[in-house]
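K.L.:
Pasted the sequence and its predicted model underneath.
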Amino acid sequence: MANRQQATSTNVEDYWQLFVNRRAYVLQSKRPHPESGRYCYFRPKAGKNGEPVSLTATTVRRHLEGDLTLSVRARR
């Protein structure tokens, strides 16, 4: 596996300022749909109550480091 670049706190702050308009976000599934081959997006939920999870700096960092793919509503 290739070495991944670690995102700095400045990278996370810059991404947040440029792209994050609200804390709602969706994640891309890890595997494609078996029939269509497409990747689905979903709203992450918390625990048993099923409340949506708010975007955090940790999630943005994981996105920037290539660990997951997220989608946010961008600033205008």
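P.N.:
Noted; the coordinates are in hand.
K.L.:
Which residues does stretch 37-49 contact?
P.N.:
For stretch 37-49, contacts defined as C-beta atoms under 8 Å, 6 or more residues apart in numbering pick out 24-29, 31-33, 51-53, 69, 71. Just so you know, the C-beta spots here come from the backbone N, C-alpha and C atoms, and that holds for glycine as well.
K.L.:
out of the residues you listed, who's nearest T59?
P.N.:
Of all these, Y25 has the smallest distance to T59: 7.3 Å, by C-beta to C-beta.
K.L.:
Phi, psi for that closest one please.
P.N.:
phi -150, psi 170 (degrees, to the nearest 10).
K.L.:
ok, it - contacts?
P.N.:
R43, P44, L55, T59, L70, S71, V72.
K.L.:
Type out the ChimeraX command that picks the buried ones from those.
P.N.:
To isolate the buried members of the contacts of Y25 in ChimeraX, using 16 or more other C-beta atoms under 10 Å:
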select :55,59,70,72
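K.L.:
which among the contacts of Y25 gets closest to D14?
P.N.:
Taking C-beta to C-beta as the measure, V72 is the one of these closest to D14, at 13.8 Å.
K.L.:
Tell me what that closest one is bridged to.
P.N.:
Listed by DSSP bridges, the beta-bridge partners for V72 are Y25.
K.L.:
what separates it from E35, distance-wise?
P.N.:
28 Å (C-beta to C-beta, to the nearest Å).
K.L.:
and the contacts of stretch 37-49, which two are the farthest apart?
P.N.:
Farthest pair in the contacts of stretch 37-49 (C-beta to C-beta) is P32 and E51. Separation: 27.6 Å.
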